[in-house]
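Trainee: I would like the atomic coordinates for the input below:
(2 chains)
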Amino acid sequence: MSVIGQRRPKLNAVPLATGRGEFTVDLAVRGMLHAGILRSPHAHARIVKIDVSRAAALPGVAAVVTAADVTANVLGASIRHRPLMAADIVRCIGEPVAAVAARDEATANTALALITVEYAPLPAVFDVAAALAPGAPVLHPDKAKFFRMPVLEQWFDKEPNNYSHRIWTRRGDVDAALARAPKVYRGNFSTSAVSQVSLEPHCALAKPESSGRLTIWCSTGKPFRTHMQICGALGLDATKLRLEAPDVGGDFGNKGEVSVEAIVALLALKTGRPVKGVFTREEEFTGTGLCVATELDAAIGVTPDGQVIALDMHFRKDIGPYNGYGSMVTLWGVVCAGGPYDIANVRILGESVFTNNLRGGAYRGFGNPQVSFARESLFDMAAKDLGIHPLELRRRNGWRDGSLSATSQRLSNDLHGLGFIDTLDALEQNFAERDRAVKPGTGSKRRGVGYASGMHGSGYGCLVDADTAGAMVKLNVDGTIILHTGGYDVGQGVTMAILQIAAEALGVPADKIVLSDQDTDSVPFDNGASASRQLYISGNAALNAAQALNKKIREIAAKKLEIAADKLVIRDGVVQSADPGFSNRSAKLSEIAAYAINVAGEQPVGFGSWALQGALLDAEGKGNPISAFLFASQRAEVEVDVETGAVRVLSLAGAHDVGRAINPLLIEGQIEGGLAQGMGYALMEEVRQDKGRPTGPDLAHYLVPTALDVPELIPLIVETYEPTGPLGAKGVGEASLVPTAAAIANAVEAATGARVTDLPITPERVLAALKNRAGE
Amino acid sequence: MSAQGARIDLDFVLNGLPVKAVVETEVTAYEFLRDEMQLTSMRSACDGIGMCGACTILVNGRASPSCLILAADLAGARVETAEGMATANRLHPLQQAFVRLGALQCGFCTAGMLLSAKALLDETPHPSREEIQRALAGNICRCTGYAKIVQAIEAVAAGTG
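Mentor: Numbers count the residues shown, from 1 in each chain, chains lettered A, B, ... in the order given. As a prediction, the model looks like this:
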């Protein structure tokens, strides 16, 4: 029986369900100190003087550190210029200025209060327009001095202004196409800054070992990238640090930029003692990279039969004061802005802009939900105006074999699993009848249905030259099997799916393989949980490793069984002749393992690696940025109270092309979770800021969907075959919230005739849109 | 935890076993159970303001956020945590259903979620979907979208967990 397609629970499900999960917040070691971080109360100020003497003298305080203690005080992927702790200027509220290690939390907090910092406030900018206005204070006059990501370099704005990067892609002649288009639909859209709200906050425990090394346990889905950043900031050789992530309480994008992890490491090195630091919920807002607020102007030109012949989009991202993922998110937004459509004339310009608001970062979807919200809203306007069903309009423009993307990438069935049209068909088959039954209503409660689609990619694609993973599968002398993978479970359970791929390729039941510990000493390099990449990239590496071991086992067994290796197969953990006539010539894996090690003198180990080679965009923004495309089409059914403006979502459905479905249970979990998170993004969530200060940075004010808010969720798995994927599979994790906000906005419009173009869709905005509609 | 706090004797039943302890009066049940009793299944995502539900425990069968209860208030009570749900190597039906039906992802909220569900089913063995949603309204899950959690509880109620 195939392991593929089995609904297997994630590997650590039982410990988590019995209270025996072990998260970094749960860890404690003898003699452990507690870290506290002093943060800037100013959005922009010069640090005139820091005096830590009173804090350092407080009984119970073991160390106080500032920027002066950091070897290479610059972090960040797009531009390496974010200090671990500010040295001379703070550029947003909450920026770390100093840190302490003390015997307990209370002492640490007392010590923080004893540090005196003299600030000289500087003029600040709190929105993109102000940041770009003539005479605006420039946050980084020296931005060209810092190391910058090479793939972004052609778009770096070297002028002394608040632009970081201005990124584009172009196809055809947009101005001419818009001028001749019979119908043009335009809109100005905005999306909000959002907090990822992983339930486990950022936290880390660093422990100096007697070997002279340092061990760090921390809450991250990207152990190697975290490891690399800590070593870089503190000037450590990679061998000096062993990093391990125990159970991880959610990631959603922002557990990839180092802060508390490097600070506790620094404090542990300084004191020679274990140090633990845990972010408060407020620090999750002020001390990490939030989902980036975006303003978008967009237009499409459409023929009367629904052919979209032009897409023009200009968006600006408020990335806050440092460019960690800001410009990468902008590039990914540019790449995804055209969606899964063949549009002959496209012009996308995405700009990342520095402000003194809270720092922007990565969130599930990585810049795609924003551009998809604008594009899919415009598609909906066109569908309604032209009297074409929204699914049909998308079908007429959707990718097929031979289509060209916005970046002029040629789509083909030979290279890509192209299941976009199938996702539209799946919604139509499942909901056509139900749509007809939805009654708009005449009282204050109006009902409507909205659709939206999107495409995303598995892996870093055009963001790097190569996105690499490795794996090792080892047959132990007793016939048991252990899998070493750098693919990381942050909740989604992907390690089970990777294990299923390895089991299938090896020819053993899934429960015969055990996952190894996954610290940075034990598993090959892997970029970790990001970019919907692990099932695809780590999965391919595990497939190669399992295939290598399968071959090795057959070669060893060939000697013992006296049958050529290529005439042997492994089925259900038994090595046997592929020829049924020789079925008596077989051996269990335990026999082969013992024979290999004790007789043949060979290691039954398979190593595999796999890399997605990035196809970087050229000067026109053309290229093949994505290898494995994820397709999603979603349906929202809502009820809007036209008197209060309140939107109640009645049902959300997501049809997702996932390639071959390795583990439908886990895939459904990704679709459902994304739908709910997308609903929060659409209706509820916004990190409001008053001059860069978050108002209500806690879970009493920042509301995320609860069981009462989330409606019926309907995941529809559309199976295709991804030619480059492991056994035909590809990712799903981010695609699931890419079109959700647009689907809900389109449903609100269908219910009321009022189109809301700003997220979140609050009752106030619904009422304002209703008023606008009435005034037309 | 202040050093000057008054102390009080505390007798209660924790996961079926009697506990005698001396606690400082201002220590919360959350701090006491985690730091003194070494039970870590209850966790905090909201810094102790009762907004996330991850630290939920059962006090005399009622689901309560342990961050908003003083340890001293547990006196005489029957307290249950997720560690006490499984018996003799046998998972509680809710735990089985959560595992089998994919009702947990990162697992940070799971213990609290299970206890809120247990309190509901102990009181209302056959709840409606809305009763389930209401029972879970104080427990935030950021991963699952709640769908599989609700399904798991329904399966247990229907005897098909």
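Trainee: please count neighbours and contacts with C-alpha atoms only from this point.
Mentor: Will do.
Trainee: near residue A:685, how many other residues are there?
Mentor: Neighbour count of residue A:685, defined by other C-alpha atoms under 10 Å in any protein chain shown: 25.
Trainee: so who does the residue lying closest to residue A:762 once chain neighbours are set aside touch?
Mentor: Among residues not flanking residue A:762 along the chain, residue A:683 sits closest, at 6.0 Å (C-alpha to C-alpha, 6 or more residues apart in numbering or on different chains). Counting by C-alpha atoms under 8 Å, 6 or more residues apart in numbering or on different chains, residue A:683 makes contact with A:647, A:741, A:759, A:760, A:761, A:762.
Trainee: okay, and which of the residues you listed map to helices?
Mentor: Among the contacts of residue A:683, the ones falling in helices (DSSP state H) are residue A:741.
Trainee: ok, and the most crowded of the contacts of residue A:683?
Mentor: residue A:741 (33 neighbours).
Trainee: looks like that one contacts residue A:676 (just checking).
Mentor: No - judged on C-alpha atoms under 8 Å, residue A:741 makes no contact with residue A:676 at a distance of 10.3 Å.
Trainee: residues contacting whichever residue of chain B sits closest to chain A?
Mentor: Residue of chain B nearest chain A, by C-alpha to the nearest C-alpha: residue B:106 (3.5 Å). Taking C-alpha under 8 Å, 6+ apart as the criterion, residue B:106 is in contact with A:247, A:248, A:249, A:250, A:490, A:491, A:492, B:143.
Trainee: mind doing that once more with 7 Å?
Mentor: Each residue near residue B:106 by C-alpha atoms under 7 Å, 6 or more residues apart in numbering or on different chains is listed here: A:248, A:249, A:250, A:490, A:491, A:492, B:143.
Trainee: domains for the chain, by residue range?
Mentor: I'll assume chain A. Split into domains by automatic domain parsing, chain A comes to A:14-123+A:198-251+A:255-286, A:293-461+A:616-775, A:466-613.
Trainee: please refer instead to chain B.
Mentor: Here the domain parsing of chain B from automatic domain parsing is B:7-84, B:93-157.
Trainee: how near is residue A:397 to residue A:150?
Mentor: Residue A:397 sits 34 Å away from residue A:150, going by C-alpha to C-alpha, to the nearest Å.
Trainee: more neighbours, these two?
Mentor: Of the pair residue A:397 and residue A:150, residue A:397 is the one with more neighbours under other C-alpha under 10 Å, namely 18 against 14.
Trainee: is it true that that one touches residue A:339?
Mentor: No - Residue A:397 is beyond contact range of residue A:339, at 10.1 Å (criterion: C-alpha atoms under 7 Å).
Trainee: chain neighbours aside, what residue packs nearest to residue A:290?
Mentor: For residue A:290, ignoring the flanking residues on the chain, the nearest one in space by C-alpha to C-alpha, 6+ apart is residue A:360 at 4.5 Å.
Trainee: one step back: what does the pLDDT read for the residue of chain B closest to chain A?
Mentor: Predicted confidence (pLDDT) for residue B:106: 98.
Trainee: can you pull the contacts of the residue in chain A that chain B sits nearest to?
Mentor: Per C-alpha to the nearest C-alpha, residue A:491 is where chain A lies closest to chain B, at 3.5 Å. By C-alpha under 7 Å, 6+ apart, the contact set of residue A:491 is A:248, A:249, A:250, B:105, B:106.
Trainee: next step: the residues you listed restricted to helices.
Mentor: Counting by DSSP H, no part of these is found in helices.
Trainee: possible to save these as TSV with distance to residue A:772?
Mentor: Putting the contacts of residue A:491 into TSV (distance: C-alpha to C-alpha, whole Å) gives the following:
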residue	distance to residue A:772
A:248	46
A:249	43
A:250	40
B:105	43
B:106	43
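Trainee: before we move on, back to that, of all the domains of chain B, which one comes closest to residue A:18?
Mentor: domain B:7-84 (5.8 Å; C-alpha to C-alpha).
Trainee: does chain A sit close to that closest one?
Mentor: Yes - Domain B:7-84 is in contact with chain A by C-alpha under 7 Å from any C-alpha of the partner chain, via B:40, B:41, B:45, B:46, B:47, B:51, B:82, B:83.
Trainee: of these, closest to residue A:626?
Mentor: The shortest approach to residue A:626 among the residues of domain B:7-84 next to chain A belongs to residue B:45, at 35.9 Å (C-alpha to C-alpha).
Trainee: how close does the nearest residue to the closest one once chain neighbours are set aside sit to residue A:23?
Mentor: Excluding the flanking residues, the one nearest residue B:45 by C-alpha to C-alpha, 6+ apart is residue A:199, at 5.1 Å. Distance from residue A:199 to residue A:23, counting by C-alpha to C-alpha: 11 Å.
Trainee: now, the contacts of residue A:683 that are in strands?
Mentor: residue A:647 (DSSP state E).
Trainee: got JSON lines for the contacts of residue A:683, with pLDDT and distance to residue A:473 too?
Mentor: Putting these into JSON lines (pLDDT from 0 to 100; distance: C-alpha to C-alpha, whole Å) gives the following:
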{"residue": "A:647", "pLDDT": "98", "distance to residue A:473": "51"}
{"residue": "A:741", "pLDDT": "98", "distance to residue A:473": "42"}
{"residue": "A:759", "pLDDT": "98", "distance to residue A:473": "46"}
{"residue": "A:760", "pLDDT": "98", "distance to residue A:473": "46"}
{"residue": "A:761", "pLDDT": "98", "distance to residue A:473": "49"}
{"residue": "A:762", "pLDDT": "98", "distance to residue A:473": "51"}
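Trainee: turn the contacts of residue A:683 into JSON lines, columns for distance to residue A:179.
Mentor: Output for those, formatted as JSON lines (distance: C-alpha to C-alpha, whole Å):
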{"residue": "A:647", "distance to residue A:179": "37"}
{"residue": "A:741", "distance to residue A:179": "30"}
{"residue": "A:759", "distance to residue A:179": "30"}
{"residue": "A:760", "distance to residue A:179": "33"}
{"residue": "A:761", "distance to residue A:179": "32"}
{"residue": "A:762", "distance to residue A:179": "35"}
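Trainee: and which of the contacts of residue A:683 is nearest to residue A:462?
Mentor: Nearest to residue A:462 among the contacts of residue A:683, with distances taken as C-alpha to C-alpha, is residue A:741, at 25.7 Å.
Trainee: contacting residues for the residue nearest to residue A:290?
Mentor: A:289, A:290, A:291, A:292, A:319, A:320, A:326.
Trainee: determine which two of those are furthest apart.
Mentor: A:291 and A:320 (10.6 Å).
Trainee: return the distance of the residue nearest to residue B:45 relative to residue A:595.
Mentor: To residue A:595, residue A:199 is 49 Å away according to C-alpha to C-alpha.
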